[in-house]
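Undergrad: dropping a prediction and its sequence here:
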Amino acid sequence: MNRRLRVATALVFAVAVVAAVLGIGVRATFAGHVAVDEPQYVLTALSLAEDGDLDISDELAERRWRVFFDKELPVQTAVLDDGRQISPHDPLLPLVLALPVGLGGWVGAKLTLALLAGALAALTLWVAVRRFGIDVRLAAVGVGLAAASAPFAVYGQQVYPELPAALLTVAGVAALTGARDRRHLVLLAVTVASLPWLSVKYAPVAAVLAALGVLGWWRAGQRRDAAVLAGALALMAAAFLGVHQVVWGGWTAYATGDHFQEAGEFAVVGADPHYAGRSVRLVGLLVDRGYGIVAWQPAWLLLLPALGALAARRPRRGLTLAAPLAAGWLVATYVALTMNGHWWPGRQLVVVLPLAVLAILWWLDSAGRRARLTGLGLGAAGVVTYACLLVDGYAREITWVSGFEAVDAPLYQVLRPVLPNYRGDYWALHLAWIAALTVLAYLGWRASRTPAGTASAPATDAPLHPAQKGSSR
């Protein structure tokens, strides 16, 4: 079993890295390989590598971005009173990329993210097998298909904090589902404390992971450790706010953004947000015609029966998947300014999508052969769609940010007419998809209420070692 897991881990790592690296040759926009928010991260990493600070005023003045962007760079930074310009983005990603950018420029940044994509795939597989008892072959195929398709393969080379945040989230789940010892306590504290430094938008996911950790250690009778964890995280939160006040002049990095000087840093959520209207994103993030993740990888539809099965069987560890997943989905729904932005679809969900992969694999592990074959077919179709994106991208017909809806991908073109367009007239299809998704969730719930489904539930409640899995695995 250990050898099989090591081989599978190496394979999914390689698949994820190759899939991401292949995307580097496709431009972010027609104007450059690095675009929109990406230049801010690259220039900050360059400043850290060369100057040891976050001030990118000299990089902007010297037009260092000309090596990866062909037009004038959009203004994002406000000029501070002392002449500095600090990017309105949190600094952990530039810190991680400083050395690679210093050595290899923008390509070095993207190659580093591709390696992190491999690490994410490997860790997700390990957690699936060792923490949730999922069959290693099923887990390897599922993780491999996810890693070789959008959005993971795309964000495996886009210079955004999404994929590193996903890696930290999976590490947090690994800590929560491990033994209640100091090693896992430290791992959880590091992951929770690090997430907001990638972006403040990840703070709700971090808070949920922290709450689960404090509750878990408290229930295990290790109340001193639970109190230490809570106190340490409170101090780290205070430090986060304090540093932002000193460096950025506000509670978040958005305070130095040119766009927020008049409306204030919290206008990033929207000047007058209409939260009832944003509720359509609960479904739209999944099935929107252009920006829904199902359009690019239809296997994400399996999340609904998986969540239904989790609700029916209520494994103790199911909460460690469902709660952070819900937090991330709600942030993408109600906090994000838009779901139809200048980025590849699914950006706001990437931080928690590995948990969706784990939930789907957990369900398929006890589902019938028909469900597994369906998952295999849907997942393979998503990989084909990603391959079509690469072909059209190398031909300069599309980019990762613009024109991608014109891709010549067979399944995507078949799906388009039945997916709602939330930038147009969408209500009929929106209601139809609510019904369809409800049915899928119900089917997963009903199937898991059978004696066979109930009997298999304890397998998810403890780490399973090779001797416990049996020869049939």
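TA: Happy to help now that I have it.

Undergrad: in the stretch 351-473 of the chain, what spans have low per-residue confidence?
TA: Scanning the stretch 351-473 of the chain for pLDDT under 70 picks out 450-473.

Undergrad: separation between the most centrally placed residue in the chain and A210?
TA: Most central residue of the chain, judged by C-alpha distance to the mean C-alpha position with C-alpha atoms, centre = their mean, is V350 at 1.9 Å. Using C-beta to C-beta, to the nearest Å, V350 is found at 20 Å from A210. C-beta: built from backbone N, CA, C; applies to glycine.

Undergrad: then R180?
TA: Taken as C-beta to C-beta, the span from R180 to A210 is 15 Å.

Undergrad: quick one: which of the two has more around it?
TA: Just comparing R180 and A210: by other C-beta atoms under 10 Å the higher neighbour count belongs to A210, 25 against 17.

Undergrad: following the helix or strand where the more buried one lies, which helix or strand comes up?
TA: Under the criterion of DSSP states H and E, A210 resides in helix 203-219. For helix 203-219, the succeeding helix or strand toward the C-terminus, using DSSP H and E, is helix 223-247.

Undergrad: show me what that following helix packs onto, helices and strands only.
TA: On a contact count with 3 or more C-beta pairs under 8 Å, 6 or more residues apart in numbering; DSSP states H and E, helix 223-247 meets helix 182-198, helix 203-219.

Undergrad: buried residues in the last one?
TA: To tie it back to what came earlier, the one meant is helix 203-219. By 16 or more other C-beta atoms under 10 Å, the buried positions in helix 203-219 come out as 203-214, 216-218.

Undergrad: ok, those residues vs Q297, which is closest?
TA: The closest of those to Q297 turns out to be V205 (C-beta to C-beta; 21.2 Å).

Undergrad: surely that closest one meets W329?
TA: No - in this structure V205 lies outside contact range of W329 using C-beta atoms under 8 Å: 9.9 Å.

Undergrad: between these two, what contacts are shared?
TA: Taking C-beta atoms under 8 Å, 6 or more residues apart in numbering as the contact rule, V205 and W329 both touch V352.

Undergrad: and the next element down the chain from whichever strand or helix holds R370?
TA: Using DSSP H and E, R370 sits in helix 369-394. Remark: after helix 369-394, the chain's next helix or strand is helix 410-415, criterion DSSP H and E.

Undergrad: R423 reaches N340, doesn't it?
TA: Yes - checked against C-beta under 8 Å, the pair R423 and N340 is within contact range at 6.0 Å.

Undergrad: mind listing the shared neighbours of the two?
TA: With C-beta under 8 Å, 6+ apart applied, the overlap between the contact sets of R423 and N340 consists of G290.

Undergrad: contact partners for R278?
TA: The neighbours of R278, taking C-beta under 8 Å, 6+ apart as the test, are T333, Y334.

Undergrad: let me fix that: Y426
TA: Applying C-beta under 8 Å, 6+ apart, we find Y426 in contact with V280, G284, P420.

Undergrad: can we see that at 7 Å?
TA: P420 (C-beta atoms under 7 Å, 6 or more residues apart in numbering).

Undergrad: roughly how far does it sit from L215?
TA: Y426 is 39 Å from L215, where distance means C-beta to C-beta.

Undergrad: model confidence over stretch 88-98, on average?
TA: Across stretch 88-98, pLDDT averages out at 97.

Undergrad: which of the residues in that stretch are buried?
TA: For stretch 88-98, burial by neighbour count (16+ other C-beta under 10 Å) applies to P88, H89, D90, P91, L92, L93, P94, V96, L97, A98.

Undergrad: which members of those are positioned in strands?
TA: Taking DSSP state E, every one of these sits outside strands.

Undergrad: closest to A150 among those?
TA: Of all these, A150 sits closest to L93, with 20.4 Å by C-beta to C-beta.

Undergrad: who touches the closest one in this structure?
TA: Y41, P161, P164, L198.

Undergrad: circling back to that earlier point, and the buried residues of helix 203-219, which two are furthest apart?
TA: A203 and W218 (21.9 Å).

Undergrad: roughly how far apart are the nearest residue to R84 once chain neighbours are set aside and S402?
TA: In space, and not counting its chain neighbours, R84 is closest to D55: 4.5 Å by C-beta to C-beta, 6 or more residues apart in numbering. Remark: distance between D55 and S402 (C-beta to C-beta) = 31 Å.

Undergrad: ok, now R130?
TA: In this view, R130 and S402 are 41 Å apart by C-beta to C-beta.

Undergrad: can you pull the pLDDT of A263?
TA: You'll see A263 listed with a pLDDT of 69.

Undergrad: would you confirm that R27 contacts V34?
TA: No - applying C-beta atoms under 7 Å, one finds R27 not in contact with V34, separated by 9.0 Å.

Undergrad: and the two? Which one has more around it.
TA: V34 (27 against 22).
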